[in-house]
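Participant: need a 3D model of the sequence below.
(chains A and B)
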Amino acid sequence: MIGLNDYAPIVGQEVIAQLQRLAERVGPRRFVHINSTRTGGGVAEILSQAVPLLNQLGLEVRWEVIEGDQTFFECTKAIHNALQGHKGEISPDLWEHYRETNRQNARNFTWEADFVLVHDPQPAYLIEDLRPQARHWIWRCHIDVSRPNPKVWRFLQEVVSQYDASVFSMPQFSQNLPHHQYIIRPSIDPLSQKNRDLTPEEVQAVLDRLGVERDKPIVLQVSRFDSFKDPVGVIQAFRLVRRHTPCKLVLAGGEATDDPEGSRIFAEVMEAANGEPDIQVLLLPPDSHHEVNALQRAADVIVQKSTREGFGLTVTEAMWKGKPVIGGAVGGIVLQVRDYNTGFLVHSPEGCALRIRYLLHRPEMARRMGKLAREFVRHHFLITRKLRDYLTLMILEENPHSRLIEL
Amino acid sequence: MVPHPEMPAQNPFVFRECFLMPMPLGQKVVNLRELLQALREVKESVLYYHLIQSRLVLTTPAVEFPNDFALWAAAALQDVKLAEKLSSFDPFDYESLEKVRQAMVDLLEEYLWDSPYVPWARPGFEFHFCEASTVVLRSEIAAQTLREFCESLNKVGLDSLYYHFFEARWRLEMGKVDDFSFWIDSNFELPELVAAIRDIDIYFYSLKEIRDTLLGLIHQHLGELCDRTE
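Facilitator: Numbering: from 1, shown residues only, chains lettered A, B, ... in the order given. As a prediction, the model looks like this:
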């Protein structure tokens, strides 16, 4: 099992010591996380990494998962999409099913806690029945709710308003709520399969297996086949680059079987790539963390030409591998990528092509920017910072009327 | 005369750690006129967050836009001229947040008066107001001598640098006085070093650069004293 001290060579012993001191001040608080799945998805990934580390810091941490039938998850998927701005309504019957499923789950939870962090909308309604079982209830929203469907948000707002605080990933997602709202930015785990150091042999083995030759510089985009990730725009940019500079493009994406749009976009990508031997489209299974890691490390330039983006953890992952990123000037990418510093922000396929050429012709500059990018991630977007934010959040919630707490 | 590196101070310097949690207000503006109006009304803690505390929240490797308003002008309004003006705005030039507010309002009023149009943010690039809560913790790192002080500066996190140097210039309300130069001034006869530290133009340095600059200055004034810090 990965221990807290394993992170010391990466973030510095002082950061680990700081976490331990902060945890001492917090004390052995009972801290319950609740979400809707133990495997698959970003939240489960975060919790599987963070929960053991919080336990090592002396907290008593439980991770509870609510159960539901297919109708429940269809309903919560619809809520999820609506919060991300999709139109459409959720019928009263479905809302009732949502409430009833939460009530059923509530009957199985007998723990008592100092803090409960409820992740996303699926288990949010538990507070109705479980409020007396914990002193502090905090709702953690991982979703881009910058423009939520008003009807669906109105229902959820009533539920969330019962909480003592909410946590969002970016200020853009904050809402009109009657309690404190906090920002905890997403993070990556540098020791996970997706981000751990790989030997050159490990990288080469993956490239061999995937049939990616290193005969030319590699330009890479890792993303689902989703129109907002603009894979066709990346191909357009690549074709512009190829008129001047030899290179190859690898588009690596997860299977999108649950996304009806995914297969259409994939077909569009295949059509756009047609006849170009230097474009490789890789359809990877969802658990291809090791493969993605190797591809990112093998790439010379990494692109994330999104036209809409929540935070863009693929950008964070690429930066952690010391790569300059060319990113669409949207969402959280703007927070991470600064022109001539950690990468380039672009607004068009032409801009993207220009910056790819710039970096391919200036490998020394690319290395320098990649180095800055890695340091930026080290300071702001690693899991140790998230642990620190959780601990700080607990101290703040126990002193809700003070903006400055000196311990 | 340079003090002996092992000469103890009257009071040790105890480093503190500083953790900020940004707290969005759920309030946003979409153009420069709305920003101007909001700046007249928002709490001082909001101004403080966007002009000073944001430095600790997200320290970019190099400071191109030293505050959130300048960054917004550049990235969202895509108004380079305004970004230049806001980047040159240094809150440390003012004695109070009320005066900072008035100066910001004056700057934006003049800019709008002179501008043929109202700069507008693209959708999704609205300015979102935040404030922050802070937890300050005594660390276990303390320095009794100048040698220990140099060693400690290398050891502490950037949050300590922010607290003792960046934020202290505001907190102490003594012009350019910060915790470090105050301690050196109170305990050692080193007026030139103290003056040099207070002359650091901090608003355009990242926290890491502030650490490097401080160590460079101490090395310059004390020579070998700080050589054995590794």
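Participant: by contact count, what packs against the strand or helix carrying B:A83?
Facilitator: The secondary structure element spanning B:A83 is helix B:80-87 (assigned by DSSP states H and E). Using 3 or more Cβ pairs under 8 Å, 6 or more residues apart in numbering or on different chains; DSSP states H and E as the contact test, the elements touching helix B:80-87 are helix B:68-75, helix B:97-114. All C-beta atoms are positioned from the backbone trio N, CA, C, and that covers glycine.
Participant: mind listing the helices for chain B?
Facilitator: Shown for chain B, the helices assigned by DSSP state H span residues B:32-41, B:44-48, B:54-57, B:68-75, B:80-87, B:97-114, B:146-155, B:158-161, B:168-171, B:179-187, B:191-198, B:207-222.
Participant: where does chain B dip in pLDDT?
Facilitator: Per-residue confidence of chain B (counting by pLDDT under 70) places the weak regions at B:1-5, B:61, B:224-230.
Participant: in contact with the most centrally placed residue in it, which residues?
Facilitator: The centroid of chain B falls nearest to B:F166 when counting by Cα atoms, centre = their mean (3.9 Å). Taking Cβ atoms under 8 Å, 6 or more residues apart in numbering or on different chains as the definition of contact, the neighbours of B:F166 are B:I52, B:R55, B:L56, B:D178, B:I202, B:L207, B:I210.
Participant: nearest to B:E6, of those?
Facilitator: Here the nearest of these to B:E6, counting by Cβ to Cβ, is B:D178; it sits at 24.4 Å.
Participant: gap between the spatially closest residue to that closest one that is not a sequence neighbour and chain A?
Facilitator: In this structure, B:D178 finds its nearest non-sequential neighbour in B:A168, 4.2 Å apart by Cβ to Cβ, 6 or more residues apart in numbering or on different chains. Spatial separation of B:A168 from chain A under the definition Cβ to the nearest Cβ, to the nearest Å is 14 Å.
Participant: and for B:A168, the neighbour number?
Facilitator: 17 (other Cβ atoms under 10 Å in any protein chain shown).
Participant: elements contacting the helix or strand hosting A:L47?
Facilitator: According to DSSP H and E, A:L47 maps onto helix A:42-56. Taking 3+ Cβ pairs under 8 Å, 6+ apart as the contact definition, the neighbouring helices and strands of helix A:42-56 are strand A:30-35, strand A:60-65, helix A:383-398.
Participant: contact residues of chain B facing chain A?
Facilitator: Within reach of chain A by Cβ under 8 Å from any Cβ of the partner chain, chain B has these residues: B:17, B:19, B:21-26, B:28, B:45, B:58-62, B:64, B:75, B:124, B:126, B:128-140, B:155-158.
Participant: what subset of these is buried?
Facilitator: Neighbour-count burial (16 or more other Cβ atoms under 10 Å in any protein chain shown) applied to the residues of chain B next to chain A gives B:17, B:19, B:21-26, B:28, B:45, B:58-61, B:64, B:75, B:126, B:128-137, B:139, B:155-158.
Participant: any chance of the helices and strands packed on helix A:42-56 in JSON lines, plus distance to chain B, mean neighbour count and mean pLDDT?
Facilitator: Rendered in JSON lines, the data for those read as follows (distance: least, Cβ to the nearest Cβ, whole Å; neighbours: other Cβ atoms under 10 Å in any protein chain shown; pLDDT from 0 to 100):
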{"stretch": "strand A:30-35", "distance to chain B": "17", "mean neighbour count": "22", "mean pLDDT": "97"}
{"stretch": "strand A:60-65", "distance to chain B": "20", "mean neighbour count": "18", "mean pLDDT": "97"}
{"stretch": "helix A:383-398", "distance to chain B": "5", "mean neighbour count": "22", "mean pLDDT": "96"}
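Participant: so which of the ones you listed is nearest A:H119?
Facilitator: strand A:30-35 (4.0 Å).
Participant: report the angle between that closest one and strand A:60-65.
Facilitator: Between the direction of strand A:30-35 and that of strand A:60-65, the angle (axes from the mean of the first three to the mean of the last three Cα atoms, to 10 degrees) works out to 20 degrees.
Participant: sheet partners, orientation included, of strand A:30-35?
Facilitator: In its sheet, strand A:30-35 lies beside strand A:60-65 (parallel), strand A:113-119 (parallel), with partners assigned from DSSP bridges.
Participant: gap between A:E350 and B:S115?
Facilitator: 29 Å (Cβ to Cβ, to the nearest Å).
Participant: ok, A:W153 next?
Facilitator: Applying Cβ to Cβ, the value for A:W153 to B:S115 is 36 Å.
Participant: the closest residue to A:T37 other than its chain neighbours: what's it in contact with?
Facilitator: Take A:T37 and drop its neighbours on the chain: the residue closest to it by Cβ to Cβ, 6+ apart is A:A44, 5.2 Å away. Residues near A:A44 by Cβ under 8 Å, 6+ apart: A:N35, A:T37, A:R38.
Participant: before I go, just wanted to say thanks for your time.
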